[in-house]
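1. predicted model follows, preceded by the sequence.
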Amino acid sequence: MIMLVLGLVLFLGIHSVVLFAPDMRDRLIKQFGKLPYRAVHSIGAIVGLGLIAHGYAAARMDPLWLWIPPFWMNHINLLLTVFAAVFVGAAMVPGSWIKAKTGAPMLLAIKTWAFGHLLCNGGLHDVLLFGSFLAWGVVGYIIHRKRDRANGVVREGKIARDGISVVIGLALWAAFAFWLHALLIGIAPMPM
């Protein structure tokens, strides 16, 4: 469990610099250059993700159950992950209406994904993983939106571009639901 916590601290911490200390990020880029900053950021994120994956997998072997969710929560999670995947698609497509209205569709995707997974997973390791991402996503979304309002950011988007976002999102969702989740996590949410 310690490895999971260390991974979460490293991964979410490295991704929090831009949220909580954007001036520090800018100073580091100015001091060391964009490429070295990105290299350190990427290495830290990869190491953090590796610690999370290893720690979570180890914790699943000897779980401490806080609750046993009803089976139907899996269906709610599947539905929420569809929305999360569409938000990821919207984050990838410039000028979409979804991106303009939400302001931070990737953070919205993280919140939706984490909330859905919290509903259908009741182990302490699940609460640590998904609860941390949910809390980070909520705080990050609030900070991002407040910063946009303070800076007078107004985004324009075209609803026609949302079709691309939805197609990308549904393709990502299908790939994870039918193949990648089982391959990477060891659980098949949509068994073939």
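-> Now that the structure is in, tell me what you want to look at.

2. could you find the closest non-adjacent residue to the spatially most central residue of the chain?
-> Closest residue to the average C-alpha location of the chain: residue 110 at 3.2 Å, with Cα atoms, centre = their mean. Nearest residue to residue 110 in three dimensions, chain neighbours excluded: residue 137, at 4.0 Å (Cβ to Cβ, 6 or more residues apart in numbering). For the C-beta atoms, the positions are set from N, CA and C on the backbone; glycine is no exception.

3. what of residue 44?
-> In space, residue 44 is closest to residue 14, 4.4 Å off (Cβ to Cβ, 6+ apart).

4. can you give me the buried ones in the helix or strand hosting that neighbour?
-> For residue 14, the host element (DSSP states H and E) is helix 2-20. Residues 3, 4, 5, 7, 8, 10, 11, 12, 14, 15, 17, 19 are the ones in helix 2-20 that count as buried (16 or more other Cβ atoms under 10 Å).

5. cool, stretch 46-63 as well?
-> 48, 51, 52, 55, 56, 59.

6. please, which helix or strand holds the residue in the chain sticking out farthest from the centre?
-> Most distant residue from the mean C-alpha position of the chain: residue 31, 29.2 Å away (Cα atoms, centre = their mean). Per DSSP H and E, residue 31 falls inside helix 22-32.
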